[in-house]
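Participant: pasting the structure only:
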């Protein structure tokens, strides 16, 4: 039972990835084909989840939207980790001016909301998937800085780190051989949690028109387009909303499951 969150998270995440990959080669209908005769249809054998106000099949639209969701999440979290983790390790290994500058800069960036960053980037570059990815990635950097910093401080207090220093091993070598392997599981859990946050942030930015253009299917854009027909039929808004909730739940469960599985203090309880 203790592995139930991990299994559930893996199943949901795998389903999302599978839908995105399958959409590269097949969808039930053309996700861009407008068909006025089939607008706002309810779920049926022909259209499993119904159609939107343009007569586009919601399953097809949902599958293509999963690609955008995954791409934004992966690129944003990966970019934030590549920048934030080395900075956090450096701040944890070298206390002093460098550590203070990194941590204070991280605090300032942490106080700047992703939405405000997105608005600034949209004003400068225009709304696009790249704009949303950049804004979410920048806003996520402080999370990885703090996590890597705290985990590095714990590792640096261990006796074998002192032994490595006495042996003359350089700081970069200590970081690569001892710090990174020890904090890797913690960062993996954080990456999973940040991925769910990125999915939610991308959906919000798309809903506000600050991410993908109208021609790019995204779950947030689907909800925005469906709001005018909410009282006629709830399906066009309900379907992407449930997809967002399920994806966020899945990656949160995955993060919780990884934490429970990798935490050595819980091994005795399994």
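Facilitator: Received the coordinates, thanks. Predicted model, so just to flag it, every value in this text is computed and none were measured.

Participant: remind me which residues of the stretch 51-200 of the chain are low pLDDT?
Facilitator: Counting by pLDDT under 70, the stretch 51-200 of the chain shows no low-confidence range.

Participant: so what pLDDT did residue 270 get?
Facilitator: Looking at residue 270, its pLDDT stands at 49.

Participant: for residue 40, phi and psi?
Facilitator: The phi/psi pair for residue 40 (degrees, to the nearest 10) reads phi 60, psi 40.

Participant: wait, it sits on residue 234?
Facilitator: No. Judged on CB atoms under 8 Å, residue 40 makes no contact with residue 234 at a distance of 10.5 Å. To be clear about C-beta, it is placed using only N, CA and C from the backbone, and glycine gets the same treatment.

Participant: who touches residue 197 in this structure?
Facilitator: Contact analysis of residue 197 by CB atoms under 8 Å, 6 or more residues apart in numbering lists residue 140.

Participant: any idea which element it lies in?
Facilitator: helix 180-207 (DSSP states H and E).

Participant: the inter-axis angle of the helix of greatest length in the chain versus helix 180-207?
Facilitator: Counting by DSSP state H, the longest helix found in the chain is helix 58-93. Interaxial angle, helix 58-93 versus helix 180-207 (axes from the mean of the first three to the mean of the last three CA atoms, to 10 degrees): 140 degrees.

Participant: Check which helices and strands whatever helix or strand comes next after helix 58-93 is in contact with.
Facilitator: Scanning forward in sequence from helix 58-93 by DSSP H and E, the next helix or strand is helix 97-110. Secondary-structure packing of helix 97-110 (3 or more CB pairs under 8 Å, 6 or more residues apart in numbering; DSSP states H and E): helix 58-93, helix 129-156.

Participant: could those helices go into JSON lines alongside mean neighbour count and distance to residue 15?
Facilitator: Below are the helices and strands packed on helix 97-110 laid out as JSON lines (neighbours: other CB atoms under 10 Å; distance: least, CB to CB, whole Å):
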{"stretch": "helix 58-93", "mean neighbour count": "22", "distance to residue 15": "9"}
{"stretch": "helix 129-156", "mean neighbour count": "22", "distance to residue 15": "22"}
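
Participant: Turn those into TSV, columns for distance to residue 199.
Facilitator: Converted to TSV, the helices and strands packed on helix 97-110 look like this (distance: least, CB to CB, whole Å):
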stretch	distance to residue 199
helix 58-93	5
helix 129-156	10
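
Participant: nearest to residue 198, of the ones you listed?
Facilitator: helix 58-93 (4.3 Å; CB to CB).

Participant: Residue 221: what's its closest spatial neighbour, skipping adjacent residues?
Facilitator: Leaving aside its chain neighbours, residue 221 sits nearest to residue 206 (4.7 Å; criterion: CB to CB, 6 or more residues apart in numbering).

Participant: My understanding was that residue 37 contacts residue 55; is that so?
Facilitator: Yes. If you go by CB under 8 Å, residue 37 and residue 55 touch, sitting 6.5 Å apart.

Participant: the more surrounded of those two?
Facilitator: residue 55 (17 against 7; other CB atoms under 10 Å).

Participant: for the more buried one, what are its contacts?
Facilitator: 33-39, 41.

Participant: go again using 6 Å as the cut-off
Facilitator: 34-36, 38-39 (CB atoms under 6 Å, 6 or more residues apart in numbering).

Participant: can you check residue 57 too?
Facilitator: Here residue 57 is in contact with 28-29, 47, 51 (CB under 6 Å, 6+ apart).

Participant: In TSV, list those residues along with secondary structure and neighbour count.
Facilitator: Listed next are the contacts of residue 57 as TSV, based on DSSP: H, G, I helix; E, B strand; the rest coil; neighbours: other CB atoms under 10 Å:
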residue	secondary structure	neighbour count
28	coil	14
29	coil	18
47	coil	20
51	strand	27
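
Participant: ok, the residues you listed vs residue 82, which is closest?
Facilitator: Using CB to CB, residue 28 comes nearest to residue 82 of the contacts of residue 57, at 37.2 Å.

Participant: The closest one touches residue 60, doesn't it?
Facilitator: Yes. Residue 28 lies in contact with residue 60 (CB atoms under 6 Å); the separation is 5.3 Å.
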